[in-house]
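# requesting a structural model of the entry that follows:
(chains A, B and C)
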Amino acid sequence: MVKTSFISRVTGVVRRIPKGRVMTYKEVAKAAGHPGAFRAVGSVMKANHDPAVPCHRVIRSDMRPGDYNRSGGERTKIGRLVEEGVRVIDGKVVRGKK
DNA sequence: TAGCTGACGCAAA
DNA sequence: ATTTGCGCCAGCT
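Take a look at the predicted model:
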């Protein structure tokens, strides 16, 4: 039972994100086969709250954490990323190197 | 069924 | 550097 190609691909990609690593919405959309569907990626995330899909590891291309939910937004996401081993400086995500 | 919104991205001003 | 407009797909009203 495959919801839609897009959702399956997106969830599959996000699920493969290793700990301490983050991927931008654009990268995920591209990896999912829809390089221009970064909007849909976000929509799918909130609509599909799958525990195996660490949506908090998906950030914006601006290096900002973006939003996670309406109850905390960036702050909640930042704390989660930091616990995973991702360095967040000045509200911006740093991928292991600077 | 149709229309609007949204956890976004990029270009232009 | 910041703001505005446009484009994209899926989900909700």
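# make it CA atoms for all contacts and neighbour counts henceforth
Fine.
# can I get stretch A:20-30 in CSV? Just the C-alpha atoms.
C-alpha atoms of stretch A:20-30 as CSV (Å, rounded to 0.1, in the frame of the first residue of the first chain):
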residue,chain,number,x,y,z
GLY,A,20,24.3,14.2,13.6
ARG,A,21,23.5,14.9,10.0
VAL,A,22,20.8,17.2,8.6
MET,A,23,19.3,17.6,5.2
THR,A,24,17.7,20.7,3.7
TYR,A,25,14.2,20.5,2.3
LYS,A,26,15.6,21.1,-1.2
GLU,A,27,18.0,18.2,-0.9
VAL,A,28,15.2,15.9,0.4
ALA,A,29,12.9,17.0,-2.4
LYS,A,30,15.6,16.5,-5.0
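# any residue of it up close to DNA strand B?
Yes. For stretch A:20-30 and DNA strand B, the contact criterion (C-alpha under 7 Å from any atom of the strand) is met by A:Thr24, A:Tyr25, A:Lys26.
# any part of that stretch near DNA strand C?
No. Looking at stretch A:20-30 against DNA strand C by C-alpha under 7 Å from any atom of the strand, there are no contacts, and the closest approach is 9.1 Å.
# residues making contact with that stretch?
A:10, A:13-14, A:17, A:35-38, A:41-42, A:57-61, A:63, A:81, A:84-86, A:95 (C-alpha atoms under 8 Å, 6 or more residues apart in numbering).
# so which residue is dead centre in chain A?
Centroid-nearest residue in chain A: A:Val58, 1.3 Å away (criterion: C-alpha atoms, centre = their mean).
# mind checking which of the residues of stretch A:20-30 next to DNA strand B are in helices?
Cross-referencing these against helices under DSSP state H gives A:Tyr25, A:Lys26.
# and the residues of stretch A:20-30 next to DNA strand B, which of them are buried?
Neighbour-count burial (16 or more other C-alpha atoms under 10 Å) is assigned, among the residues of stretch A:20-30 next to DNA strand B, to A:Thr24, A:Tyr25, A:Lys26.
# quick check, pLDDT for the last one.
Looking at A:Lys26, its pLDDT reads 92.
# what about it, distance to A:Lys19?
Distance, A:Lys26 to A:Lys19, using C-alpha to C-alpha, to the nearest Å: 19 Å.
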